[in-house]
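Novice: Okay, here's the prediction I keep looking at, along with the sequence it came from:
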Amino acid sequence: IDEKEIMTFLFDRRGYCVRHPHVRLRKKKMLGGWQILITNCPECCMAEMNRLKRLGKKKKKKNEKLTKSMPANSMQAMAEEQEQYPGSSRSQSRRRNDNFA
């Protein structure tokens, strides 16, 4: 199941969280506008963190399956390629490009 991102800042016309009606996020001002009591609903934040944790575990499992199913010769080729280009990180390539500018 592909879960959508949880918007932790959504509130109804009375200023309460749309998912947790007991959590008040905003308060109506006398002269109009909203006073911010809490920027994000803490319960929605917890739900979003749990969702991200689950997605991370799914990605990790998926990567493990890919490496297990990969033939040994392609794994060796990947290792050789990394040895051939040591330290080719993004920040180092940026520094190299800055020298040419």
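Specialist: Alright, I've got the coordinates. Residues are numbered from 1 along each chain as shown.

Novice: For this structure, which helix extends over the most residues?
Specialist: helix 42-69 (DSSP state H).

Novice: mind listing what's buried in it?
Specialist: For helix 42-69, burial by neighbour count (16 or more other C-beta atoms under 10 Å) applies to Cys44, Ala47, Glu48. Backbone N, C-alpha and C define where each C-beta goes, glycine included.

Novice: same question, stretch 21-39
Specialist: Those would be Val23, Leu25, Arg26, for stretch 21-39 by 16+ other C-beta under 10 Å.

Novice: Now tell me what touches it from outside.
Specialist: For stretch 21-39, the surrounding residues in contact (C-beta atoms under 8 Å, 6 or more residues apart in numbering) are Phe9, Phe11, Asp12, Arg14, Gly15, Tyr16, Cys17, Asn40, Cys41, Pro42, Glu43.

Novice: who wins for most neighbours among these?
Specialist: Highest neighbour count within these, by other C-beta atoms under 10 Å: Cys41, with 24 neighbours.

Novice: and the gap between Glu3 and Glu64?
Specialist: Shown here: Glu3 relative to Glu64, a distance of 21 Å by C-beta to C-beta, to the nearest Å.

Novice: Mark which of the buried residues of stretch 21-39 are part of strands, please.
Specialist: Members of the buried residues of stretch 21-39 lying in strands (criterion: DSSP state E): Arg26.

Novice: Among the buried residues of stretch 21-39, which one lies nearest to Lys60?
Specialist: Closest approach between these and Lys60, by C-beta to C-beta: Val23, at 32.0 Å.

Novice: Thr8 versus Leu31, what's the distance?
Specialist: Distance of Leu31 to Thr8, computed by C-beta to C-beta: 27 Å.

Novice: gap between the two ends of stretch 11-29?
Specialist: Stretch 11-29 has an end-to-end distance of 15 Å (C-alpha to C-alpha, to the nearest Å).
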